[in-house]
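Engineer: Quick one: sequence and predicted model below, then my questions.
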Amino acid sequence: MNAITEISDIGEEHIGTSIDTPLRKDAFEMDDEVKIELIQKHFREIIFLLGLDLRDDSLNGTPHRVAKMYVKEVFSGLNPANKPRIKLFDNKYQYNEMLIEKNITLYSYCEHHFVPIIGKVHVAYISKGKVIGLSKINRLVQYYAKRPQVQERLTNQIAEGLKEALQSEDVAVIVDAVHLCVSSRGVQDISSNTITANYSGAFQEAKKKEEFLGLLGKL
């Protein structure tokens, strides 16, 4: 079976392989400016093959804009050098209940079709003596979102990233998102959402999970 036949047989039944984003070992040996130059060249070829006239003023700069957007913006989370630095603070208020950061805006991209995943992320954690600046939670979510993704992997990567940053296993993550690969093409269903969750530590207990979902208004 050749690769094209295999992809056709899989169709929409995409298979996840690991919590880790499948990167090559040499992924960052090339600097960003060289990547932008090469992506620009290849995207120009894609536009040409689609039959569009690159001499048109509206299209002429598109290959560079797309290349720069891929490397510097929407896929910048592929590079570990862009991971936000997290500073923890002592829990001086002795606040020992769950802290929830809800409705974090999510923009990511489906790795199967390279079209947007748009939604909200809700995060909770219980301090183990340290606390984190609230905006750092958003930044960590955005770091993992700025990659070609599948929602299940994204959910688990956010959870593992938070546990590492917070030095606490007591973390919960819910991702509620619309996939444009479902709504804008293929089955073209504009009413469905995809919800994924990761519960660790104390949040694996039914009572704590119910409290979290209740505070989110999801019970």
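Structural biologist: It's in.
Engineer: So what touches stretch 187-198?
Structural biologist: Outside stretch 187-198, the residues within contact range by CB atoms under 8 Å, 6 or more residues apart in numbering are 119, 151-152, 154-156, 158-159, 171-179, 182-183. (C-beta placed from N, C-alpha, C; glycine too.)
Engineer: isn't residue 144 right up against residue 76?
Structural biologist: No. In this structure residue 144 lies outside contact range of residue 76 using CB atoms under 8 Å: 11.3 Å.
Engineer: ok, the two, which is more surrounded?
Structural biologist: Shown here are residue 144 and residue 76; by other CB atoms under 10 Å, residue 144 has more neighbours (24 against 17).
Engineer: Return the distance of the more buried one relative to residue 48.
Structural biologist: Plainly put, residue 144 is 34 Å away from residue 48 if you go by CB to CB, to the nearest Å.
Engineer: Who are the contact partners of residue 28?
Structural biologist: Residue 28 neighbours (CB under 8 Å, 6+ apart): 79, 80, 81.
Engineer: picking up where we left off before, narrow the contacts of stretch 187-198 to just the buried residues.
Structural biologist: Buried subset of the contacts of stretch 187-198 (neighbour count, 16 or more other CB atoms under 10 Å): 119, 151, 154-156, 158-159, 171-179, 182-183.
Engineer: from those, which ones fall inside strands?
Structural biologist: Those of these mapping onto strands are 119, 171, 172, 173, 174, 175, 176, 177, 178, 179, per DSSP state E.
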